[in-house]
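[1] What would the 3D arrangement of this be:
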Amino acid sequence: MSRLSEHNFGFRSCAVFFLLASQLGWPQPASPPVNIQVHFDQVEGPLSPVWNYFGYDEPNYTYANNGKQLLGELAGIGAAPVYVRVHNLFTSGDGSASLKWGSTNVYTEDASGNPMYSWTILDRIFDTFHAAGIRPLVEIGFMPKALSTHPEPYRHDFPRTPVGEIYTGWAYPPKDYQKWSELVFQFADHLRKRYGDAEVKTWLWEVWNEPDIGYWKGTREEYFKLYDFSVEAVLRALPEATVGGPDTTGPGSSTAVDFLRAFLEHCVRGKNYATGKTGSHLDFISFHPKGSPAWQSDHVQMGITRQLAAIQRGFQIVASFPEWKNTPIILGESDPEGCAACSAKENPRNLYRNGPLYGAYTVEVLKNALALAREERINFRGAVTWAFEFEDQPYFAGFRELATNGVDKPVLSAFRMLGMLGSERIRATSSGELAKETVLREGVHGQPDINAIAARKERELEVLVWNYHDDDLPVPAATIDLATTGLPADAKRGLLEHCRVDSNHSNAFAAWKEMGSPQSPSASEYKQLESAGQLQLLTSPRWVEIEQGSVHLQFDLPRQGISLLRLTW
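    Numbers count the residues shown, from 1 in each chain. Predicted structure coming up:
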């Protein structure tokens, strides 16, 4: 448990929370305890780390100091490899970054129109991934200025330009598909030579981003043509590459549904624009489900139903194709809403991103997505959280990010908890669980969803418990009665560690507010914020008795709180 330090043992313990609760005049919980039953000896199957995927618009933040630090932390959240997806790998420019913008200048042309390739900026990005132990989910895009059919204007001016008007010259089709194909080949071949066949074989490759909306200013058929030429070029350079798409928006609208269906049909029976053969190579299928939170005058109400409905519909569309029903699915951007670079200044609903709700929401979505994957019998490989960090922005400005100015937000500790789960999922039931159908249909507006995922390793049990509600309002904590059975007969005593994310633990935002919300924290204040951003223990580790293969525990869990209990023997 590398993220836990002696300094944090017992830091801001349960007693502090309940003292604050009593001072606020909250009543003690009147409802009965939530009973969670964990059966160590009942294995439900493998638990794949579908959460180990992240992404962001601004590739040049990758090699900033804060970016390097955060990538190192992401690489360390678990034993499984972490994949990172970034936009703008082909975008023209000098390498400067701004919100929703980045560039590498990989392609220009001389006066005669001959291609010129430059890998200098690109290498800084991929060298940083390589040094951190990150595996790229390589997004092929966007259109270099010299290849664009509509090159001017090229660079947008977000946020001065509204988010709906950022689709400038970089979003258009190429004026020459052969030149585009050669660029993709040279790009893939360069990366193969720089990092070696063994490494690039482990990467994932995809073509463009959200071609069903403004990110692609061509027609649907022109995107299919771009896809075919791109895939052919990648496979020419890397015959064993894993390539997919189309990374459309969440199939909640008829436009998105029609595009995804048409793309899958093209890959089965359409004429390949690059080879002339029937169909196109497709190793994984990707689309982008998003939620829809709303501001309720004094608090945010999350819109989880929209995101889960898009996940379910996308899974069903893939399952409806016999040719693709076993193909891995990656949720290329899976988020509570659409705009990571939109702060809370103009969008107060985005304030939730600073606190524990963001993490609890993410866990709630992942649990339901796993259930939907089992129900639809599809191959769910990963869900990309589109969040990273933003350079030269105020502290806790409400961007959708994992860290602010090098200080980790609570959501990152939620991912640390997920990374601690073992690879074998075991049976866990909760009396506080809402039916998946209820969450899909109504959201979590009445009773909270108090739920659990349990897993195991050799001589180790992990139980993740969370208390989620769509409305971010203060309410009394829930009492959790956790009983584990089926532990090995030779296990007599176990070491219990209890990690927590809530309003007082693993919460640098709360610490920042306590110190007066400084935008220029002193060196000592900054160290306090760094420490508060790490995953913290609720109480010191302690030994517990295991009697006849059973352990019984009781604790309180605040609304939007997450606990990870780990028992080793």
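[2] which residues of the stretch 201-350 of the chain fall in strands?
    For the stretch 201-350 of the chain, strands defined by DSSP state E, counting those that start in this stretch occupy the ranges 204-207, 242-249, 284-288, 294-295, 300-301, 328-331.
[3] Out of those, flag the one nearest E346.
    Counting by C-beta to C-beta, E346 lies closest to strand 294-295 out of these; the figure is 11.2 Å. No exception for glycine: its C-beta is placed from N, CA and C like everyone else's.
[4] Adjacent strands (with direction) for that closest one?
    strand 300-301 (antiparallel) (DSSP bridges).
[5] And the contacts of the strand it pairs with?
    With contacts defined as C-beta atoms under 8 Å, 6 or more residues apart in numbering, strand 300-301 is touched by P293, A294, W295, P348, R349, L351, Y352, L357, H445, D470, D471, D472.
[6] Test my guess that the last one contacts N350.
    Just to be clear, that refers to D472. No: contact between D472 and N350 fails when scored by C-beta atoms under 8 Å: they sit 11.8 Å apart.
[7] Contact partners for A454?
    Here A454 is in contact with V38, F40, R425, I426, R427, A428, L461, E462, V463, L464 (C-beta under 8 Å, 6+ apart).
[8] so how far is A452 from the third one?
    In other words, R425. Note on R425: its distance to A452, by C-beta to C-beta, to the nearest Å, is 11 Å.
[9] Please apply the same query to the first one.
    When distances are taken as C-beta to C-beta, V38 and A452 turn out to be 7 Å apart.
[10] How about the secondary structure of H130?
    helix (DSSP: H, G, I helix; E, B strand; the rest coil).
[11] More neighbours: V38 and A452, which one.
    V38 (28 against 22; other C-beta atoms under 10 Å).
[12] quick one: the more buried one and V465 touch, right?
    No: using C-beta under 8 Å, V38 is not in contact with V465, being 9.8 Å away.
[13] shared neighbours of the two, which are they?
    A452, L482.
[14] if we can go back for a sec, of the contacts of A454, which is the most crowded?
    V38 (28 neighbours).
[15] who does it bridge with?
    A428, T484.
[16] where's it relative to L565, distance?
    In terms of C-beta to C-beta, V38 sits 9 Å off from L565.
[17] Mind listing the shared neighbours of those two?
    In contact with both V38 and L565: L461, V463, L482, using C-beta under 8 Å, 6+ apart.
[18] Quick one: these as JSON lines, columns for distance to A274, secondary structure and pLDDT too.
    JSON lines is the format used below for the shared contacts of V38 and L565 (distance: C-beta to C-beta, whole Å; DSSP: H, G, I helix; E, B strand; the rest coil; pLDDT from 0 to 100):
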{"residue": "L461", "distance to A274": "51", "secondary structure": "strand", "pLDDT": "98"}
{"residue": "V463", "distance to A274": "50", "secondary structure": "strand", "pLDDT": "98"}
{"residue": "L482", "distance to A274": "56", "secondary structure": "strand", "pLDDT": "98"}
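[19] Nearest to G164 among the residues you listed?
    Nearest member of these to G164, counting by C-beta to C-beta, is V463, at 43.7 Å.
[20] Contacts only, for that closest one.
    I36, V38, A428, A452, I453, A454, L482, T484, S563, L564, L565.
[21] any low-confidence regions in the stretch 251-400 of the chain?
    The stretch 251-400 of the chain contains no residues with pLDDT under 70.
[22] Tell me where it has helices.
    254-269, 304-319, 357-376 (DSSP state H, counting those that start in this stretch).
[23] Tell me which of the strands of the stretch 201-350 of the chain sits nearest to Y526.
    Evaluated over the strands of the stretch 201-350 of the chain, closeness to Y526 peaks at strand 300-301, with 28.0 Å, by C-beta to C-beta.
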